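**Q** using only what follows, build the 3D model:
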Amino acid sequence: MKLKESIPSNSVKIIELYNKINSDILDTRPDFQRKLVWKKQHKYHFIQTILMNFPFPEVYIASAEMDVQSLTAKEIVVDGQQRLTTIVDYIKGENDFKEQNKVTPFDQLSVDQKKEFLNYLVTVKDLKDMSMVLIKEIFQRINNTEYSLNAVEKTNAQYGDGEFAIFCKQVVDKSYNPSLDDTDIILDAEVKRKLNSFFETNNVFTDNDKTRMFDTQYSMLIVSTLLEGSYYGRSTKVEDYLKRYNASFTQYTDALNLLTKSIDIISGLQLSSKSYWFNKANLFSLIIELSKVDPQDLNFEKLEANLLELENKNDTYFSEENLETITDDEKRYFEVARQGSNEKASRVHRGKVISSIINNSKKVKSTYSHNSIEEKRLAILSSENIKYVTIEPSKTSLKNYHMDATSIVREFLKVNQIHDYDSQGNGADHKVTKQATLITHDNTIISEASFYKANNRGDARIWFSNLGSFANETESVAIIVKNSELYLVNVSQLDIENLTGKTNPFNDIILS
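**A** Modelled structure (predicted):
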């Protein structure tokens, strides 16, 4: 419906509007009004605007009801709710204006300053006795911020300067540095740098993600899930958190502690920036599940190896080769992760698989574990100042004839001047080989060590010919460097403690 004529503007003193509100003649909270509350920073800034005699946008009011017997009429605020309630709170010294030092309290203004404030002219458009249907239509159009915006941008337009949103934006956006005039939450500079660097270095977000604010939405999803304590579908809880923590977000320290713990663990794994685990769906699940564990309980080397093992299985699954090494749970994981499914069931399943990996990567605390014999044998190597690092072939690696060179393996080879993956190009053309020797109880086997980086992600790989007949899956194999030569010892099989001081390949070559 088109209005017959434009709505005229009038100038009304603050004192007149205040008295109308105070006497319940002007209702600032009609049913159709939004429940969004201004942050205190907005309120302080708004009052400063008036004290400086600067203009602010017009206010819309309308007639609500008229009592012809008592000759009284009531009005409603159509647009300007937060501005008018802020003025009332300031004059009364209530709510966010109680015990604050951002703006001079009204009761501390001089007489002339009070008069100037109360005489400030507010531009008011009076819709008079228009129908409620038309009033609501005008309200919606005045407050419409949705033209050409996606769902994330619409949410940002409404809640983007709230405390929850500002916190989440600081987590992922290195260029965003709010001040105390904007928020009560200012991340420590070093913490912010670490978080921002993590997402940037690992290429988690594309330029388009950043332009359309999907990076902030992702941060909101992580933070809300950490605080929620359980998975939910899509982004159903994000808007609830934006509303709930719009004006204040004191719980941010809990979320920050959990988030930084997870990111510290992931950073300690030294995964490639092109790793499967920096896919947004995988990273989300990994962050949530790692937030539930004590880092001191984790064997970082084993966790890295187990994550890389699942990454390799993903490649195997989609190449449709050696599928017998992949469980049904893993197959489903690969499918929902590839789709980026954000349904609750998919997130719960991804969490289940990753939780299992984490539990299998914890330090063994029992002295009666199956690893105790290997640990004793490795202790003998250490006591003899033998340089070594261990690997554990998996069923998948034995089938595919390659293993991931974890960060500790890469560092060992580099420090001992055997091979430097950092200076190596990707692909088979850049593969480097070196002779190695496999040592058994009574024999030595010549092997060829292969070092290369995969074409796509650049994953560091290592393999030794004849390893399949030398070791079974999950057995502990020590890679030893002596006189710049490579040797392999299966510490799960080789009875090291009974070979010392006797004539045998291990004693003659390694201990001599």
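**Q** how close does the closest residue in space to N196 that isn't next to it in sequence get to Q251?
**A** Spatial nearest neighbour of N196, excluding adjacent residues (CB to CB, 6 or more residues apart in numbering): K174 at 3.8 Å. All C-beta atoms are positioned from the backbone trio N, CA, C, and that covers glycine. Using CB to CB, to the nearest Å, K174 is found at 24 Å from Q251.
**Q** give me the more crowded residue out of these two.
**A** Q251 (16 against 13; other CB atoms under 10 Å).
**Q** who are the neighbours in contact with the residue nearest to the more buried one when sequence neighbours are not counted?
**A** Nearest residue to Q251, sequence neighbours excluded (CB to CB, 6+ apart): L227, at 6.1 Å. By CB atoms under 8 Å, 6 or more residues apart in numbering, L227 lies in contact with 241, 251, 254-255.
**Q** mind running it again at 10 Å?
**A** Residues near L227 by CB atoms under 10 Å, 6 or more residues apart in numbering: 164, 237, 241, 245, 249, 251-252, 254-255, 258.
**Q** quick one: pLDDT of the residue nearest to N196?
**A** Here, the pLDDT recorded for K174 equals 94.
**Q** domain assignment for the protein?
**A** 9-143, 151-361, 373-511 (the TED database).
**Q** would you turn these into TSV with distance to L3?
**A** Shown next, in TSV, are the domains of the chain (distance: least, CB to CB, whole Å):
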stretch	distance to L3
domain 9-143	8
domain 151-361	26
domain 373-511	61
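**Q** select, out of the ones you listed, the one closest to K2.
**A** Of all the domains of the chain, domain 9-143 sits nearest to K2, with 10.5 Å by CB to CB.
**Q** next, the distance between the ends of that closest one.
**A** End-to-end distance for domain 9-143: 19 Å, by CA to CA, to the nearest Å.
**Q** before we move on, what about stretch 314-330?
**A** So stretch 314-330: terminal residues 8 Å apart, CA to CA.
**Q** what is the subsequent helix or strand relative to the helix-or-strand element of the chain with minimal mean pLDDT?
**A** Counting by mean pLDDT, DSSP states H and E, the chain has its least confident helix or strand at helix 151-159, which shows a mean of 64. Per DSSP states H and E, the first helix or strand lying C-terminal to helix 151-159 is helix 163-172.
**Q** strands of the stretch 301-450 of the chain, start to end?
**A** 387-391, 403-404, 432-439, 444-453 (DSSP state E, counting those that start in this stretch).
**Q** now do the helix or strand just after the last one, average pLDDT.
**A** For strand 444-453, the succeeding helix or strand toward the C-terminus, using DSSP H and E, is strand 460-464. The predicted model gives strand 460-464 an average pLDDT of 95.
**Q** now do strand 460-464 against strand 432-439, angle only.
**A** Here the directions of strand 460-464 and strand 432-439 differ by 40 degrees (axes from the mean of the first three to the mean of the last three CA atoms, to 10 degrees).
**Q** partner strands of strand 460-464 and their direction?
**A** strand 403-404 (antiparallel), strand 444-453 (antiparallel) (DSSP bridges).
**Q** low-confidence bits of the protein, can you list those?
**A** Low-confidence segments of the chain (pLDDT under 70): 1, 33-37, 144-158, 322, 365-371.
**Q** what's the closest non-adjacent residue to I91?
**A** Nearest one to I91, counting by CB to CB, 6+ apart, is F106 at 5.1 Å.
**Q** and for P178?
**A** I166 (5.6 Å).
**Q** and the one you found, how many neighbours?
**A** Neighbour tally, I166, other CB under 10 Å: 24.
**Q** quick one, what contacts it?
**A** Counting by CB under 10 Å, 6+ apart, I166 makes contact with 39, 41, 159-160, 176, 178, 182-187, 216, 249, 252.
**Q** separation between the nearest residue to T183 once chain neighbours are set aside and I185?
**A** Leaving aside its chain neighbours, T183 sits nearest to I166 (4.5 Å; criterion: CB to CB, 6+ apart). Applying CB to CB, the value for I166 to I185 is 6 Å.
**Q** which neighbours do the two share?
**A** 178, 249, 252.
**Q** tell me which of the residues you listed fall in helices.
**A** Y252 (DSSP state H).
**Q** mind listing what K313 touches?
**A** Per CB under 10 Å, 6+ apart, neighbours of K313: 322-323, 325-327, 330-331, 333-334, 394-396, 400.
**Q** now, the most widely separated pair of these?
**A** Longest span within the contacts of K313, CB to CB: Y333 and N400, 18.6 Å.
**Q** who's more crowded, those two?
**A** Legend: neighbour count by other CB under 10 Å for Y333 and N400, higher for Y333 (25 against 19).
**Q** isn't that one up against H349?
**A** Yes - contact criterion CB atoms under 10 Å: Y333 and H349 qualify, at 6.5 Å.
**Q** spell out which residues are contacts of both of the two.
**A** With CB under 10 Å, 6+ apart as the test, Y333 and H349 both reach S285.
**Q** excluding chain neighbours, what is closest to K453?
**A** In space, K453 is closest to N426, 4.7 Å off (CB to CB, 6+ apart).
**Q** and that neighbour, what are its phi and psi?
**A** The phi/psi pair for N426 (degrees, to the nearest 10) reads phi -80, psi 150.
**Q** count of neighbours near it?
**A** Quick note: N426 (other CB under 10 Å) scores 15 neighbours.
**Q** contacts only, for it.
**A** 274, 452-459.
**Q** likewise E324?
**A** Contacts of E324 (CB under 10 Å, 6+ apart): 395-396, 399.
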